[in-house]
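Chemist: Here's my sequence, what's the structure:
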Amino acid sequence: MPNKLPIPRIQLGVYMTSGASCTAAVHTALSLGYRAIDSAAWYANEGDVGLGIQQFLASNASVTRKDIFFTTKLRSNTGYSATRAAIRESIRKSGLGWIDLYLLHSPYGGRAKRWDCWRAVQDAVRDGEVRSAGVSNFGVRHLQELMEDSAAAAAAAAAGKRDVPITVNQVEVHPFNTQSAITEFCQAHGIVVEAYAPLVRGMRMKHPTIVRIARECDVTPAQVLVRWGLQKGFVVLPKSVTMERIRENAQVSHFELSEGHMEELEALDEHLVTDWDPTDAE
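Modeler: Below is the predicted model of the structure:
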């Protein structure tokens, strides 16, 4: 990432999971070799995720908290003080001591609100509550504005104040919604793209192109979708609560999609939004 902190390329997503099933999925993923979990205040499962991580660490002396990458997100862009309080509450709920990556969950609220909240996240990084900072569901205009505001603030800041860059933009990305304008802008500016809903929430697992490529590569459709994201240079966040699927989603290093396969997958783009898309919000 731009701040030189390592980030695992495949992470467990926990959207719409909670309670014991969420905790068990986290524990299972970590047992299978995952080292990153993506949560959010909005998901109402930060405590469940934290419990799964703590249970795993308690039974695996060779792994420490520093080895686990925990991401969570701000529920809403309400202002500087509310954001600082929200960060501390997320740390409290998770019980993990700090947050490895904290994201503004959406661009809602307008430019001034986004900047107020971003200042709070930057200060949380400077104070050691958060290790790295980013955004989610930001369109190109939102990123440009935040970068402009950050540059102006840095120019006016006292000498020696540590810069806190935008390290990540987490957006829905898969072959059926490539978000090429956003992903190309991010990659051109050193912002890591995290692809959520990489499995298209199961909506296109039986698509003939996906099925055929999976057969040709002797893998599953889900593995094709995860591998596509990795070969595009993204961090991929597949979600599952089932042990075999959690295992399968991470076992993608043994094959590579050909250039022809990648071109076929790119051609599937239909701008499919599986949940929400605030990337054009004011």
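Chemist: where are the low-confidence patches of the stretch 51-200 of the chain?
Modeler: 158-160 (pLDDT under 70).
Chemist: Let me see the ranges of the strands in it.
Modeler: Using DSSP state E, counting those that start in this stretch, the strands of the stretch 51-200 of the chain run over 69-74, 99-104, 130-136, 168-172, 192-196.
Chemist: how about a markdown table for those, with mean neighbour count added?
Modeler: Placement of C-beta: from N, CA and C, glycine included. Shown next, in a markdown table, are the strands of the stretch 51-200 of the chain (neighbours: other CB atoms under 10 Å):
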| stretch | mean neighbour count |
| --- | --- |
| strand 69-74 | 26 |
| strand 99-104 | 26 |
| strand 130-136 | 24 |
| strand 168-172 | 25 |
| strand 192-196 | 25 |
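Chemist: Do you have the helices of the stretch 151-282 of the chain handy? List them.
Modeler: 180-188, 208-217, 221-231, 243-250, 259-266 (DSSP state H, counting those that start in this stretch).
Chemist: quick one on the thing from earlier: in JSON lines: the strands of the stretch 51-200 of the chain, plus distance to Glu264.
Modeler: What follows is the strands of the stretch 51-200 of the chain, written out as JSON lines (distance: least, CB to CB, whole Å):
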{"stretch": "strand 69-74", "distance to Glu264": "31"}
{"stretch": "strand 99-104", "distance to Glu264": "32"}
{"stretch": "strand 130-136", "distance to Glu264": "29"}
{"stretch": "strand 168-172", "distance to Glu264": "20"}
{"stretch": "strand 192-196", "distance to Glu264": "18"}
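Chemist: If we ignore the residues flanking it in sequence, what's nearest Ile99?
Modeler: Leaving aside its sequence neighbours, Ile99 sits nearest to Val130 (CB to CB, 6 or more residues apart in numbering; 4.7 Å).
Chemist: list the contacts for that neighbour?
Modeler: By CB atoms under 8 Å, 6 or more residues apart in numbering, the contact list for Val130 reads 87, 98-102, 121, 124.
Chemist: same thing but at 7 Å, please
Modeler: 87, 98-99, 102, 121, 124 (CB atoms under 7 Å, 6 or more residues apart in numbering).
Chemist: got it, and Glu264?
Modeler: Glu264 touches 209, 213, counting by CB under 7 Å, 6+ apart.
Chemist: Please tell me how far it sits from Val224.
Modeler: 10 Å (CB to CB, to the nearest Å).
Chemist: who touches both of these two?
Modeler: Shared contacts of Glu264 and Val224 (CB under 7 Å, 6+ apart): Ile213.
Chemist: Determine which two of the contacts of Val130 are furthest apart.
Modeler: Spatial extent of these (CB to CB) is set by the pair Trp98 and Val121 at 13.2 Å.
Chemist: Tell me which of these two has more neighbours.
Modeler: Val121 (27 against 16; other CB atoms under 10 Å).
Chemist: Please name the nearest non-neighbouring residue to the more buried one.
Modeler: For Val121, the closest residue by CB to CB, 6+ apart turns out to be Ala133, at 4.6 Å.
Chemist: what's near enough to touch the one you found?
Modeler: 102, 121-122, 125, 164, 167.
Chemist: which residues does Tyr34 contact?
Modeler: By CB under 7 Å, 6+ apart, the neighbours of Tyr34 are 10-12, 250.
Chemist: That's all I had, so thanks and see you.
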